[in-house]
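In: sequence first, predicted model second:
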There are 4 protein chains.
Amino acid sequence: MTGMTVGFVGLGAMGQGMGASLLRAGHRLLVWNRSPEPVAALVAQGADAAGRLADVFAAETVVSMLADDHAVEQLLDPALLADAKAAVHLNMATVSIALAERAEALHSEHGIGYVAAPVLGRPQVAAAGELNILAAGDETALTKVAPLLSAMGGHTWHFGTRPSHANAAKISANFLIACAIESMAEACSLAESHGVRPTDLVEMLSGTLFPGPIYSGYGAMVAERRYEPAGFRVPLGLKDVNLALTGGAAANVPLPFGSVLRDAFLDALAHGDGDKDWAAVAAVARRRAGLPA
Amino acid sequence: MTGMTVGFVGLGAMGQGMGASLLRAGHRLLVWNRSPEPVAALVAQGADAAGRLADVFAAETVVSMLADDHAVEQLLDPALLADAKAAVHLNMATVSIALAERAEALHSEHGIGYVAAPVLGRPQVAAAGELNILAAGDETALTKVAPLLSAMGGHTWHFGTRPSHANAAKISANFLIACAIESMAEACSLAESHGVRPTDLVEMLSGTLFPGPIYSGYGAMVAERRYEPAGFRVPLGLKDVNLALTGGAAANVPLPFGSVLRDAFLDALAHGDGDKDWAAVAAVARRRAGLPA
Amino acid sequence: MTGMTVGFVGLGAMGQGMGASLLRAGHRLLVWNRSPEPVAALVAQGADAAGRLADVFAAETVVSMLADDHAVEQLLDPALLADAKAAVHLNMATVSIALAERAEALHSEHGIGYVAAPVLGRPQVAAAGELNILAAGDETALTKVAPLLSAMGGHTWHFGTRPSHANAAKISANFLIACAIESMAEACSLAESHGVRPTDLVEMLSGTLFPGPIYSGYGAMVAERRYEPAGFRVPLGLKDVNLALTGGAAANVPLPFGSVLRDAFLDALAHGDGDKDWAAVAAVARRRAGLPA
Amino acid sequence: MTGMTVGFVGLGAMGQGMGASLLRAGHRLLVWNRSPEPVAALVAQGADAAGRLADVFAAETVVSMLADDHAVEQLLDPALLADAKAAVHLNMATVSIALAERAEALHSEHGIGYVAAPVLGRPQVAAAGELNILAAGDETALTKVAPLLSAMGGHTWHFGTRPSHANAAKISANFLIACAIESMAEACSLAESHGVRPTDLVEMLSGTLFPGPIYSGYGAMVAERRYEPAGFRVPLGLKDVNLALTGGAAANVPLPFGSVLRDAFLDALAHGDGDKDWAAVAAVARRRAGLPA
């Protein structure tokens, strides 16, 4: 395999590791980022720095890993897409279903393939090239970017030919994490109020019914009331819950757990926990029950 | 080890396997059950049949595995306990925290040790002696029944010296299962309404964030809308959610997810799903969204 | 009209005024109460004191106005009813639907008419004989007690021949009051957080869409954060919300607003507001939003 | 008083009546509407038709009564405001708090007074000039438009100098209506499931605790399951609930009743009730309980 030329946009903690994985796999990287520091880090690993965002879209493929819908909007500029040479844009951000649908149509108008491939995994996993990738898009485009997905991910889960399906799956996954945190928060408050040590409860749960990183990792944070340092902050959690609720509203799907979550995250923000990990919804559950913070 | 003489009350699907495990481990069993058929089955494996419930309480230890608070009430008859010779009563049923507290006090009055040891696991697991047991009680009593717990369970999780703590832990565990089912029901409705196949979603989830029996097992049932045959029926699910809510109310602990669950289970019952598995709350989520049953 | 002989049980703040109204209308009263002081007060107005509860049931009709299901249980003693001479028992307490159904059957067994007639109104309204009465029972029994209802109430609203229907109506009315309080609590928190003075909001609302005692009275308490003195305490509010939820559960009727209310009342109790007026659920709404208490 | 010259934008059912009220009071009207028919109707009553939207903003004052935020956006065009001669813009639409804040700032930049004055009342009330008006804005601007408010309204309720406060009050009022409908929907389902006729319940409630147009009017619709013709359709109800939820989210104010309402309105839409009156959330409550539609 001879590597591809890849334009890469968005060098946050995740994008850094993903870009490095692409370089290690032998691809040429032309990177662009709003702030310059992360660019230098990747250039030191062999990437080239793009002068303008538009330069990135001159590459064979474009990979973007931006923070949210708002940040991705800049890539949906018709002028940018009209001049683009890229065959495929591989958007790995967690964005709304509505944006994914709009992006698919817009890229199609300009003859550019569009693949949605949001990921599961933390920055270290991204750096190791071991992400779980949730991918959807038309087959030609997917085939084109398959080597890139292999370089960045340990496994790719396929959700069909419509890009928005991958985003819906990712939004559902994050929704389930939020549900699991709130569930444990309520269970720990209940158990503690009747004398059970929450750490004992979580140890039993993750040793029996609920193995895996979410229940053990967030379970420990909830049980120990350890909401800092934040792996994923409360406002980001609220953003993701809102992606689920908005997606639900668009299809008339009520999500009562989602509604409870939204209220809990607002409560957390109202009490100044905006810089804490989203496990801090457990502090809301405790406050409702009058348990010490 | 020479086995103990064990009085055993409650030969439902779980009790059958637990009794058989005790026999295999070399204990002598004196069994009593409301209906006679299950007694015969264990007698065939070497147990003796008790003529009256009171005879069971003449044994060195008593193990009970009854359906709910109502069924356990018969064991809390002061006359029965006054005549009992048993040193310890090992109650393995899923009962309310309030009943556990009352039972502890009552047994103490009559000089009988009381250990609460509800279990996680299905009948096959009980038959194999591989249950996860959640145990609490004073140390003397726990030491006394330790060989019985070893015979019935693969692992015992300890929750301290107050029996009700084990019940609170068990109620919390069942609450978390119910939360996980509803979470997946909502996520699958959301995903399906945007074109994702629920089975694809569940496969990805249980292959990544949520391994383990609950998300994969119930996830498949939710995704495939397969609510029969019932492993655990809707009314039992509602009973367990109510144990959590009642336990919460006793300590002024609001459980908003629990409130949503209660409403969903009532909705399922209102639509005639009382004989289906509690995974049928997914049918409620689908109905809310106007998705086909 | 020559008055009736009326046995009267339950001389709380409401019962006092109702008893006095009956005396004013020319009925003879034989009163019984757990504590003696209220008896003396009515005897001073012309009532006779009953030596035992059973004596009251020797009267032509019995009126009872007790606090809750638990207190009413003592009147459902089969021995008491077997000896009773009363033609009709007029139970004016706010009790559960289930208790009403059981009481109807039990009285019927003993050949005693049973009329349920819970009331709307505060003690002063009871003293003035101007209560709104919600009545149901068979026609013969209702005709018998009609003069008593006229003496105690300004208006009687009829809900048919099954006593429990009047209790269901009363429970629904109290449920609506709780809903109105929570609605205003949320609206005032919303408005205040955007700079509106809650008192301005409530004045407008009760001057336009929502006239009447509930929105203006509780609205003012919510807007002014005035939860004392308590007209109706938080635990009583929770009791009534639970009557609605339990009634709903018995018929598989989910009440999502009821579930929110239950959680809010528990939250109020968890924060030590058990002696405050149930308008104190507004403090829960404010706390959720981080607004000053 | 000699009348003012008033530019008027937005001749829906409400705007028609409001424009007519202004004409009757002796003001000169220059009207503009997206569709021509309503213009003709007011011209027949003495108004002049504006050729362009910009012409309306040449009048001494501008009154606008548009459907929602989206429709009002066209009036927030900086070019339009830069050319405007109007001293005050009186915006009577129900719009978001955020839009009101933005509109206030934008008008201020262009030296135009901005008064928010959303209204309570149906089209007939608008035609009679008897609306309840919720007004806020700086005093000079309010004084200027006072004669217009007098012409259109029976009473003006003042919410201070910041226009958004009037919008927050209006959003709160509509939120309370939605809460009242859901409350009655739940109460009627509960009562009916226990044999009470919902019409009897509503008659009692509106004759006692809950007089006024909302409980009697919507109560009758709920009790009679009469959701057509629609006075205010389900999607508009959802829009207004979302205005409350969005306003709440902006200030970190959880609104659990609002969350339940949102889910109920989505459920109604999912079942094809988008053209029915928002009282049709009662059909959702009935469906949850398995009661016949």
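Out: Here it is on my side, so go on. Numbering: from 1, shown residues only, chains lettered A, B, ... in the order given.
In: quick one: the strands in the stretch 1-150 of chain A?
Out: A:5-9, A:28-32, A:48-49, A:61-64, A:88-91, A:113-116, A:119-120, A:131-135 (DSSP state E, counting those that start in this stretch).
In: note down every partner strand of the first one and its orientation.
Out: For strand A:5-9, sheet partners with direction are given as strand A:28-32 (parallel), strand A:61-64 (parallel), following DSSP bridges.
In: what sits up against the last one?
Out: This means strand A:61-64. Here strand A:61-64 makes contact (Cβ atoms under 8 Å, 6 or more residues apart in numbering or on different chains) with A:4-10, A:18, A:22, A:56, A:72, A:75, A:84, A:86-93, A:144-145, A:148. C-beta here means a position set from N, CA and C on the backbone, and glycine is covered the same way.
In: got the CA positions of it in PDB?
Out: The C-alpha trace of strand A:61-64 is given here as PDB (Å, rounded to 0.1, in the frame of the first residue of the first chain):
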ATOM      1  CA  THR A  61      -9.400  12.900   1.000                       C
ATOM      2  CA  VAL A  62     -10.300  15.100   3.900                       C
ATOM      3  CA  VAL A  63     -10.600  13.900   7.500                       C
ATOM      4  CA  SER A  64     -12.300  16.300  10.000                       C
END
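In: where does chain A have low pLDDT?
Out: By pLDDT under 70, the weakly predicted segments of chain A are A:1.
In: redo that, cut-off 80
Out: Filtered on pLDDT under 80, chain A yields the residue ranges A:1-2.
In: so the longest helix along it, near chain D or not?
Out: Across chain A, the longest stretch assigned as helix under DSSP state H is helix A:163-193. No. Figure legend: helix A:163-193 not in contact with chain D (Cβ under 8 Å from any Cβ of the partner chain); closest approach 13.4 Å.
In: tell me the residues of chain A that contact chain D?
Out: Residues of chain A lying near chain D (Cβ under 8 Å from any Cβ): A:248-249, A:252-256, A:259-260, A:262-264, A:266-267, A:269-270.
In: returning to what we had before: in TSV, list the strands paired with strand A:5-9 along with distance to B:P163.
Out: Below are these laid out as TSV (distance: least, Cβ to Cβ, whole Å):
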stretch	distance to B:P163
strand A:28-32	62
strand A:61-64	57
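In: deepest-packed of those, please.
Out: With neighbours taken as mean count of other Cβ atoms under 10 Å in any protein chain shown, these reach their highest mean count in strand A:61-64, at a mean of 25.
In: coming back round to it: centre of the chain to the longest helix of chain A, how far?
Out: 14 Å (Cα atoms, centre = their mean, to the nearest Å).
In: on that earlier part again, farthest-apart pair in the residues of chain A next to chain D, please.
Out: A:N252 and A:A270 (29.2 Å; Cβ to Cβ).
In: return the set of buried residues in stretch A:192-206.
Out: A:192-198, A:200-206 (16 or more other Cβ atoms under 10 Å in any protein chain shown).
In: sorry, that was for stretch A:133-144
Out: Result for stretch A:133-144 [16+ other Cβ under 10 Å]: buried residues A:I133, A:L134, A:A135, A:A136, A:G137, A:D138, A:A141, A:L142, A:K144.
In: identify the residues contacting stretch A:25-39?
Out: A:1-12, A:15-16, A:19, A:22-23, A:42-43, A:46-50, A:52-53, A:55-56, A:59, A:129, A:147-148, A:150-151.
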